[in-house]
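structure of the sequence below:
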Amino acid sequence: MSRIFTTLTLLGLSAASGLVCFAQSAQPVTVTGCLTQGDEKNEYAIKDSSGKTYGLVGTKVDMKSHLNHEVTITGTPVRENEKNEKNDTGKAEESDHLSVTKLTMVSPTCK
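Numbering: from 1, shown residues only. This next block holds a predicted model:
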């Protein structure tokens with residue numbers, strides 16, 4: 001009986017540690033850069049100072065009115081099924097996608 005209890009305890013701890021790892025990976029990300037049109041109709045993109053491009057999605061923040069502005073966005077990483085593949089327009093997909101929760105304009109023009 002104690003062997004079953006020990007096994008169940010270890011399984012529970014393993015599952016709990018997996019949830020903690022998943023929760024840590026969903027920490028908000030803040031990126032500053034030029035807001036551009038993404039590769040899909042209601043998607044936008046931003047490139048950080050290291051050159052990493054993020055696809056931006058979300059309906060709670062008005063991104064359209066800030067196209068071609070330098071902005072700082074905060075968002076939560078979201079999973080995409082296929083990453084870093086070419087879409088039907090031939091452009092490379094963004095490396096990560098963020099669900100935007102906050103947008104602050106830095107400048108009305110991009111550097």
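
what's near enough to touch the closest residue to Thr30 other than its chain neighbours?
In space, and not counting its chain neighbours, Thr30 is closest to Thr74: 4.8 Å by C-beta to C-beta, 6 or more residues apart in numbering. Bear in mind the C-beta positions are built from the backbone N, C-alpha and C, glycine included. If a contact means C-beta atoms under 8 Å, 6 or more residues apart in numbering, then Thr74 has 28-30, 100-103 as its contacts.

swap in Ala26?
76-77.

so how far is Lys52 from it?
With distances taken as C-beta to C-beta, to the nearest Å, Ala26 is found 18 Å from Lys52.

what is the closest residue to Asp62 other than its chain neighbours paired to in the beta sheet?
Nearest residue to Asp62 in three dimensions, chain neighbours excluded: Leu103, at 7.5 Å (C-beta to C-beta, 6+ apart). Beta bridges link Leu103 to Ile73, judged by DSSP bridges.

rounded mean pLDDT for stretch 104-111, please.
Averaged across stretch 104-111, pLDDT comes to 92.

no, scratch that, I was asking about stretch 28-46
Averaging pLDDT along stretch 28-46 yields 90.

what comes into contact with that stretch?
47-49, 53-57, 59, 63-64, 66-77, 87, 89, 91, 93-94, 96, 98, 101, 106, 110-111.

could you turn the buried ones of these into a PyMOL selection?
Applying 16 or more other C-beta atoms under 10 Å to the contacts of stretch 28-46 leaves a buried subset, and the PyMOL line that selects it is:
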select buried, resi 47+53+54+55+56+57+63+66+69+70+71+73+75+93+94+96+98
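
now, the contacts of stretch 28-46 that are in strands?
Members of the contacts of stretch 28-46 lying in strands (criterion: DSSP state E): 47, 53-57, 70-77, 96, 98, 101, 106.

flag the shaky bits of the protein, pLDDT-wise.
Residues of the chain that meet the criterion pLDDT under 70 lie in 1-25, 80-95.
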